[in-house]
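In: predicted structure and sequence below. I'll ask about it afterward.
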Amino acid sequence: MLRTLKESFKNILPHKDIKKLRSLLHNISYPPFFYSQFAHKLVFIFGCQRSGTTLSYLMLNCHPLIQGIDETDSCYKLPRPVQLFSLSKQYSLLLLKLPNQTFNLEYFVHNLQGIKILWSVRNPYAVISSMLRWKLKNVSWIKVHAQAELWQHSFLFPEILELDLANLDEVSLGAYIWKYKERTLQLYQQSNLDIFSYKYEELLDDPRLIMSNVLDFMELGWNDNVLCHEQYYQFDRIYPGGTQQKKPLDKSRKQPKLLLSTEEIDLITNICSEEMQPYQYTKPLA
């Protein structure tokens, strides 16, 4: 099956992206049996890039019954079974932040029954502005990763392959990522997986309420550590995108300064408006 998928993409992907796709298709390479033994202890944090998944991870990882593994610590793949098995003996739940794995819906549905999924949603204008601001060697994250991110989700939404991704501007690419991430969330909600979604803005507004709801979903009791994560970590660490683990929750992030022109705001609105409606996200003033 992997060979068939790779062959189907050879005519539309540059060589460097074929190599990247090969890695992505192999990123769940262990037999599902090894994971199914402790799937009931796995909690995934999903969402769109720049949607607050790291903040949720940092807050929840402070809970004494939770051990988190960030995507950067597992090479953006599902961690090895032996690592998870060992940790599952020490903690009630293992928290895996892997927003790049949302396209693997069928794998999770058929092989990892019992997992729980947290999904953080954020205003698309703030998300895309942050994507543009996030630089990798002086190039925006969108320019480096957006096409591969969308190609992955074409397994769920074949119409993505009809988009002229190579010639789309960065704002349009970011908007399509947000759009199809939200449509992916809808597929997860329609599946038999146990999922809890929440808005990043609501987490900033009332962290106690949202964290209380999240912990209830995870069937864990309350712990005050989750509201003061900056005190929990012994040293500072900067995660991809610039999130600092010793920086307190910043409510001003709810309405960040947008690096978007009027035309770019209109472009995002045209692409994302349908998916924005359930969250009551509205077009900002430029």
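Out: Received, thanks. Note that this is a predicted model, so its numbers are computed, not measured.

In: give me the distance from stretch 207-224 to the chain's centre.
Out: Mean-position distance between stretch 207-224 and its chain equals 20 Å (Cα atoms, centre = their mean, to the nearest Å).

In: doesn't residue 198 fall inside a strand?
Out: Yes - counting by DSSP: H, G, I helix; E, B strand; the rest coil, residue 198 is found in a strand.

In: tell me how far it lies from residue 182.
Out: 14 Å (Cβ to Cβ, to the nearest Å). C-beta coordinates here come from the backbone N, C-alpha and C atoms, glycine included.

In: mind listing the shared neighbours of those two?
Out: Contact criterion Cβ atoms under 8 Å, 6 or more residues apart in numbering; residues shared by residue 198 and residue 182: residue 121.

In: now do the SS call for the nearest residue to residue 247 once chain neighbours are set aside.
Out: Nearest residue to residue 247 in three dimensions, chain neighbours excluded: residue 230, at 6.0 Å (Cβ to Cβ, 6 or more residues apart in numbering). At residue 230 the chain is in helix, as set by three-state DSSP.

In: residues near residue 230, how many?
Out: 15 (other Cβ atoms under 10 Å).

In: residue 266 versus residue 73, what's the distance?
Out: 39 Å.

In: I figured the residue nearest to residue 247 hits residue 237, correct?
Out: No - assessed by Cβ atoms under 8 Å, residue 230 is found out of contact with residue 237, at 11.5 Å.

In: shared neighbours, these two?
Out: Joint contacts of residue 230 and residue 237 (Cβ under 8 Å, 6+ apart) are 245-246.

In: still on that earlier bit, what about the residue nearest to residue 247, distance to residue 68?
Out: In terms of Cβ to Cβ, residue 230 sits 15 Å off from residue 68.
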